[in-house]
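K.L.:
Dropping a prediction and its sequence here:
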Amino acid sequence: MVNIPENVARVQERIAVACRRSGRRVEDVRLVAISKTMPCEAIRAGYEAGLREFGENRVQEAKAKRPALSDLTATWHLVGHLQTNKAKPARELFHWVHSVDSLRLAEKLAQAAPCSSDRLPVLLEVNLGEETTKSGVRTEEIAALAERVAQFETLELRGLMVIPPFFEDPEKGRPYFRQLRELAKEIESRKLPNVSMRELSMGMSHDFEVAIEEGATIVRVGTAIFGPRQ
Ligand SMILES: *Cc1c(COP(=O)(O)O)cnc(C)c1O
């Protein structure tokens with residue numbers, strides 16, 4: 001049996017230790033619990049243990065689960081690849097989208113806004129050039145995309161997201177996290193209108209401490225909270 005409250009406490013403690021070690025404030029790292037494939041009861045158990053931010057990777061799955069969770073005051077993040085034809089439901093279901101990987105998708109998300117004053121926080125998903133990560137935008141194209149995405153009034157560009165290739169050894173992810181931070185810094189230095197690169201969504205169950213040391217402001221943790229997926 002997976003003990004979700006215990007796992008939540010353990011993950012929060014690991015985040016606190018990583019923050020202390022790197023001289024960061026724990027409030028500056030937000031924990032998004034990735035609940036994909038997990039039943040609503042698991043999400044509810046996480047909520048009762050204090051979690052307030054959850055992430056899913058598929059629109060369909062989120063749509064199926066959310067009615068049973070409508071009483072929770074939670075922030076929902078979409079972290080998986082999004083097809084342009086699902087931009088509208090995605091915008092209805094999620095408060096954040098981490099996986100913007102094309103101008104076309106950004107445009108669809110912008111058009112799906114319920115009103116002109118509604119701004120959806122978005123991150124650009126970066127492909128740091130490793131063969132094994134197929135999703136995301138190439139590094140060289142990020143600044144140009146950022147400039148365009150920042151022009152949509154119903155989107156709020158907040159930063160970058162990366163899913164590095166999987167390594168057993170979490171230290172091997174460090175260069176990728178560092179590259180993402182440096183890319184964000186480089187783009188910020190251009191002072192493009194409405195472009196903020198403050199948020200770095202990086203780090204998962206096995207490597208979030210390394211990501212925090214490298215500047216993650218959002219960690220996406222599934223297995224370490226909910227146990228292994230089927
Ligand atoms: C599944 C998933 C996670 C969580 O992975 P764990 O290893 O279970 O922590 C994080 N980010 C994305 C984009 C995912 O799809």
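P.N.:
Structure's in. What do you need?
K.L.:
what's the distance between the residue nearest to residue 106 when sequence neighbours are not counted and residue 28?
P.N.:
Take residue 106 and drop its neighbours on the chain: the residue closest to it by CB to CB, 6 or more residues apart in numbering is residue 149, 4.6 Å away. Yep, even glycine has a C-beta here, placed from its N, CA and C like the rest. Per CB to CB, to the nearest Å, residue 149 is found 24 Å from residue 28.
K.L.:
Please apply the same query to residue 54.
P.N.:
Residue 54 is 20 Å from residue 28, by CB to CB.
K.L.:
Residue 161 too?
P.N.:
Per CB to CB, residue 161 is found 17 Å from residue 28.
K.L.:
List phi and psi for residue 196.
P.N.:
When read as degrees, to the nearest 10, the backbone of residue 196 gives phi -110, psi 130.
K.L.:
list the contacts for it?
P.N.:
156-159, 188 (CB atoms under 8 Å, 6 or more residues apart in numbering).
K.L.:
one more time with 6 Å, if that's ok
P.N.:
residue 158 (CB atoms under 6 Å, 6 or more residues apart in numbering).
K.L.:
and if you look at residue 167?
P.N.:
residue 173 are the contacts of residue 167 under CB under 6 Å, 6+ apart.
K.L.:
Torsion angles phi and psi at it?
P.N.:
Torsion angles at residue 167 (phi, psi; degrees, to the nearest 10) stand at phi -130, psi 140.
K.L.:
re earlier: compare neighbour counts for residue 161 and residue 28 and give me the winner.
P.N.:
residue 161 (26 against 12; other CB atoms under 10 Å).
K.L.:
My guess is that one contacts residue 98. True?
P.N.:
Yes. Counting by CB atoms under 6 Å, residue 98 is a contact partner of residue 161 at 4.3 Å.
K.L.:
what is in contact with the two at once?
P.N.:
123, 201.
K.L.:
ok, residues contacting stretch 73-83?
P.N.:
Against stretch 73-83 from outside (CB under 6 Å, 6+ apart): 32, 52-55, 57-58, 90, 94-99, 135, 220.
K.L.:
tell me, which of these make contact with the ligand?
P.N.:
With the criterion set as CB under 6 Å from any ligand atom, the members of the contacts of stretch 73-83 near the ligand are 57, 220.
K.L.:
Quick check: PyMOL command selecting the buried ones in the contacts of stretch 73-83.
P.N.:
With 16 or more other CB atoms under 10 Å as the criterion, this PyMOL line picks the buried residues out of the contacts of stretch 73-83:
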select buried, resi 32+53+54+55+57+58+90+94+96+97+98+99+220
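K.L.:
now, which of the contacts of stretch 73-83 sits nearest the ligand?
P.N.:
The ligand lies nearest to residue 220 out of these, by CB to the nearest ligand atom, at 3.6 Å.
K.L.:
ok now do the closest one, which residues does it touch?
P.N.:
32, 34, 55, 79, 204 are the contacts of residue 220 under CB under 6 Å, 6+ apart.
K.L.:
Repeat the analysis, applying 7 Å as the threshold.
P.N.:
32, 34, 55, 79, 201, 203-204 (CB atoms under 7 Å, 6 or more residues apart in numbering).
K.L.:
who in the chain is up against the ligand?
P.N.:
So the chain meets the ligand at 34, 36, 57, 79-80, 163, 204-205, 220-224 (CB under 6 Å from any ligand atom).
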